[in-house]
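In: Quick one, fold the following:
(4 chains)
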Protein chains: 4
Amino acid sequence: MVKIEVILDVVRLEEKLIIKSLRENNVELSLTNLRVNPLSWSVVGEVDLTLIRPISMYRAVYSACIRESMGIQTMNNSSSILISGDKVLTLSKLKALNISVPETYIAFSSDAVLRAGEKIGFPLVDKPPIGSWGRLVTLVKDLQVLKSIVEHREMLLSQSVKTHILQKYIKDSRKDIRVLTLPNQIIGAVVRSPDNREWRSNIALGGMSEPYKLDSELEDLTYKVAEIIGGEFIAVDVFQEDGRYLVNEVNGVPEFKGFMTATRIDVPEILTHYIKGRIKK
Amino acid sequence: MVKIEVILDVVRLEEKLIIKSLRENNVELSLTNLRVNPLSWSVVGEVDLTLIRPISMYRAVYSACIRESMGIQTMNNSSSILISGDKVLTLSKLKALNISVPETYIAFSSDAVLRAGEKIGFPLVDKPPIGSWGRLVTLVKDLQVLKSIVEHREMLLSQSVKTHILQKYIKDSRKDIRVLTLPNQIIGAVVRSPDNREWRSNIALGGMSEPYKLDSELEDLTYKVAEIIGGEFIAVDVFQEDGRYLVNEVNGVPEFKGFMTATRIDVPEILTHYIKGRIKK
Amino acid sequence: MVKIEVILDVVRLEEKLIIKSLRENNVELSLTNLRVNPLSWSVVGEVDLTLIRPISMYRAVYSACIRESMGIQTMNNSSSILISGDKVLTLSKLKALNISVPETYIAFSSDAVLRAGEKIGFPLVDKPPIGSWGRLVTLVKDLQVLKSIVEHREMLLSQSVKTHILQKYIKDSRKDIRVLTLPNQIIGAVVRSPDNREWRSNIALGGMSEPYKLDSELEDLTYKVAEIIGGEFIAVDVFQEDGRYLVNEVNGVPEFKGFMTATRIDVPEILTHYIKGRIKK
Amino acid sequence: MVKIEVILDVVRLEEKLIIKSLRENNVELSLTNLRVNPLSWSVVGEVDLTLIRPISMYRAVYSACIRESMGIQTMNNSSSILISGDKVLTLSKLKALNISVPETYIAFSSDAVLRAGEKIGFPLVDKPPIGSWGRLVTLVKDLQVLKSIVEHREMLLSQSVKTHILQKYIKDSRKDIRVLTLPNQIIGAVVRSPDNREWRSNIALGGMSEPYKLDSELEDLTYKVAEIIGGEFIAVDVFQEDGRYLVNEVNGVPEFKGFMTATRIDVPEILTHYIKGRIKK
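Out: Numbering: from 1, shown residues only, chains lettered A, B, ... in the order given. You can find the predicted model right below:
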């Protein structure tokens, strides 16, 4: 019998549905809740695969790499969660393959941020390397706003959050496409548009999803991104500008509640079948 | 002529000496100061290698991976700086090769920390995954201190700093050995002992260094660690317990001021010759 | 008809009981929830008194002083909430009247903390000026723990939290007395003892309350403290050492759930009658 | 002989000049540096007055109130430093006397901030209650910027900094007047205009000062503000709108370097003579 460990912290609807689907498909489950249990390198019993589902990026990366170093397969693996969880690492991987992304500068100081602003011009988008749900992603219309954002960010302690990713604002970024994929098996895609009072299209910020039909160019792009990131079950966020696709972000522990509502695709079921097939090999 | 870019932020004595030595050896230099300049993926001119010397771990990782994605060689590479800069990633790599480390638990919540404390027993050492110079590394003698530390750490915003690495306290950790190495070329080693009023031996905390003569076991261990971390110019910190070596930490952007004073070895000169030889190949 | 505004944020059991009691006693109520409504100096309609119940000290002080500047009576007034909410201000007021408190030093830097530690000796108690429920109140057994606490506190941004109140550890502080009082009308007292695994007796940390019978010395002390602080409905926390009372803290927006359970005294009813009588005057 | 204690932390030009002037005028000085010494309520020797000059507001308030509770006169007293150091307390005091200030809302939550924004309209100014040199004072041109600021502020731990003061933007606030005063003795005034790249006129942000001639209306206003705040040596910042004065802020530990350069008035000399005269009384 197939045995899977699921590591999690906050149990979202996604985790509930995955657990339900795995159980209904005769998978033996062991749940490790990081809110209660510390992790160590001591034996955890026979496990065919550990599914990594913590909501916090660091917790996800750390639990994946601990399990990997014990010889246990993880999904996603720690490297892909880390690369997709940090937008500077993501951009570097994409750039290395000449995948199109918005024009970008990385700045580590107030002076460097202002210089980057001059080079890109306004409006621009400023965001920290780490963070989900569009948090701290700011549409910056002029120099004054940029200076205010720098000042606020300076007050935060984390070196990572003090790093600024500055990008040209893509007009059509108000509509962005999210593709959910497994290796050689695209699950589906949605196009997300922002709530009236918001420019960001994140579902967590009130954005709406509609099903989106992929063309072969976007399919190829998705597989290419998945391969360079090294993840199995990932979400790729893409903008369109002048008919060209620009990759915006990748998610290595994807949420898919909004995706399921929009597409009526049973993601946990597809995931379960993929996992079972993968372990047999 | 060999051309090297040095990326830095704070210019310590180490950076001054490296720059002086490179110049004296006819290396053409281009300095990129992150306090002034943003980084981008646009052309930087022909460069044979980028030397990564920012004091902040994130700045070091980000600048290395940006240069790598432009096809430029970096030293150290981003992956080794990231792995050695995050103690959970380091431990996982070491564990995968069965390299001995102190008994360790990783805990992400107050409850999990207290459970780990019960398992390890007191005294124990608690530290966050990211941080230099012994900062926040705490010798925890009993449960009350552990609870105080958890409470204080909870008040910090960074998810990474909220992660606790709990380790058995190694008696002889008051004397620890630091080996500085290049590939197949150990530069030297020192043994560091703490200041009277301090239990940590970090030089930044007043610790004293003396030259240390490596045996072949420690040499082999150092090369093994360097290989698994993937770094070229690194420092490996090692404890001794019952005649056995335990790897404590690895540093991917090593400081070597105290090392030079203790050993009278000219580290920048050795580094320069290594770099010149490496580029010719 | 008497009309009262209650300003609050989190609605605890205390606020629910107060609102219920006021309504049952024919008081007309207007609730202002700071989680929804901004405050301003514009007219709020006729109000006889504003009861200040936000859980956050700053919110309590700010809402009280805004209402006062509009000519509305507040309970407690902003000055008493501010003085009791900041332990350095409390101590200064008590010291000015020669009221006994534990031996105390206030330190603003790492060096100053270590000097204060030498003067007081160990064990000592270290706490920040602002904070409730015993948070960050640390029993410090030796110099090493003191240095760890300083290091952790340094990482916090708030200047107020970086201030250290260092006090001699009072042996019997494991049992402390809380007196709840109105002007010239002591409501009652409890003695609190800490949970087994905890040295602090805060109810929020698992402490247990039992009714405590006040002697006339403690009654006089309570009235003296209430007068110097300037609050009407306050809680005074007191230690005993060698038969002598030492005032530890004062609370200007008191919680009383544990007090009610232990004493079976109907605090909201007493409070309501006090308020109605006070307004008539 | 007159004896003065000066309490300080960072020794700015202002403190150097004050110390020089006091010494030249035969005042015996005792310096207490908070970076080295903890404060306590134990005897400090005979002192006629303690001059409060720490750069941090909390340090200034705490050292003033400790000295006051020992029966020592302070300048400024703790109450005036606290009220002028916290803009909500300042506004409340001014409002109580019907002194004109910009239209203001105080908001403690994201929802409340957005409501306040609707009521005031854009552009508006958003600032935290505590902070100097214009830090985090933000010109908010539209709802999007307001939401970005709220999001950033939410990430900061301090409850005080999470409080938003929202004010109508005064067009002429780009030129603001600073009056420096002693009781019944206005020292002088300057008008400050912002640097080209900045909308705030703070000297710390590159603003320029020019001497300003007060009319009797502004003189009266200054004395009224000084009295309600309760400070002796304070700076009052004033805007002009439609010929009417609006009080913006008060400073209880004033800097005066820029003021001296612009007016050529010897502030430390005036201060020293005031102090000597005051003590004789």
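In: thought A:Ser100 was touching A:Arg244?
Out: Yes - counting by CB atoms under 8 Å, A:Ser100 does reach A:Arg244; the two are 6.2 Å apart. Placement of C-beta: from N, CA and C, glycine included.
In: Please identify which of the two sits among more neighbours.
Out: Just comparing A:Ser100 and A:Arg244: by other CB atoms under 10 Å in any protein chain shown the higher neighbour count belongs to A:Ser100, 14 against 9.
In: buried stuff in the strand or helix carrying A:Ile186?
Out: Take DSSP states H and E as the rule and A:Ile186 turns out to sit in strand A:185-193. Buried positions in strand A:185-193, judged by neighbour count with 16 or more other CB atoms under 10 Å in any protein chain shown: A:186-192.
In: same check, this time on stretch A:134-149
Out: Result for stretch A:134-149 [16+ other CB under 10 Å]: buried residues A:134-141, A:144-149.
In: so can I have TSV of those showing secondary structure and distance to chain B?
Out: What follows is these, written out as TSV (DSSP: H, G, I helix; E, B strand; the rest coil; distance: CB to the nearest CB, whole Å):
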residue	secondary structure	distance to chain B
A:Gly134	coil	17
A:Arg135	coil	12
A:Leu136	coil	12
A:Val137	coil	18
A:Thr138	strand	16
A:Leu139	strand	19
A:Val140	strand	14
A:Lys141	coil	19
A:Gln144	helix	19
A:Val145	helix	17
A:Leu146	helix	12
A:Lys147	helix	15
A:Ser148	helix	18
A:Ile149	helix	15
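In: What residue, apart from its backbone neighbours, is nearest the residue of the stretch 101-250 of chain A found nearest chain D spatially?
Out: Minimum separation of the stretch 101-250 of chain A from chain D (CB to the nearest CB) falls at A:His152, amounting to 3.8 Å. Excluding its sequence neighbours, the residue lying closest to A:His152 (CB to CB, 6 or more residues apart in numbering or on different chains) is D:His152, at 3.8 Å.
In: contacting residues around the one you found?
Out: By CB atoms under 8 Å, 6 or more residues apart in numbering or on different chains, the contact set of D:His152 is A:136, A:149, A:152-153.
In: Going by secondary structure, it is in what exactly?
Out: Judged by DSSP H and E, D:His152 forms part of helix D:143-154.
In: all strands of the stretch 151-281 of chain A, in order?
Out: A:164-168, A:176-182, A:185-193, A:208-211, A:234-241, A:244-251 (DSSP state E, counting those that start in this stretch).
In: how about the ones you listed, which one is nearest chain C?
Out: Across the strands of the stretch 151-281 of chain A, closest to chain C is strand A:164-168 (CB to the nearest CB), at 19.1 Å.
In: Give the other helices and strands that that closest one contacts.
Out: Helices and strands touching strand A:164-168, by 3 or more CB pairs under 8 Å, 6 or more residues apart in numbering or on different chains; DSSP states H and E, are helix A:87-96, strand A:104-107, helix A:110-120, strand A:124-127.
In: Dump those into JSON lines; add mean neighbour count as well.
Out: What follows is the helices and strands packed on strand A:164-168, written out as JSON lines (neighbours: other CB atoms under 10 Å in any protein chain shown):
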{"stretch": "helix A:87-96", "mean neighbour count": "23"}
{"stretch": "strand A:104-107", "mean neighbour count": "24"}
{"stretch": "helix A:110-120", "mean neighbour count": "19"}
{"stretch": "strand A:124-127", "mean neighbour count": "22"}
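In: Kindly reformat the ones you listed as JSON lines containing mean pLDDT and distance to chain B.
Out: Below are those laid out as JSON lines (pLDDT from 0 to 100; distance: least, CB to the nearest CB, whole Å):
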{"stretch": "helix A:87-96", "mean pLDDT": "97", "distance to chain B": "4"}
{"stretch": "strand A:104-107", "mean pLDDT": "96", "distance to chain B": "4"}
{"stretch": "helix A:110-120", "mean pLDDT": "95", "distance to chain B": "4"}
{"stretch": "strand A:124-127", "mean pLDDT": "96", "distance to chain B": "12"}
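In: Indicate which one of the ones you listed is closest to B:Gly206.
Out: Of all those, helix A:110-120 sits nearest to B:Gly206, with 32.9 Å by CB to CB.
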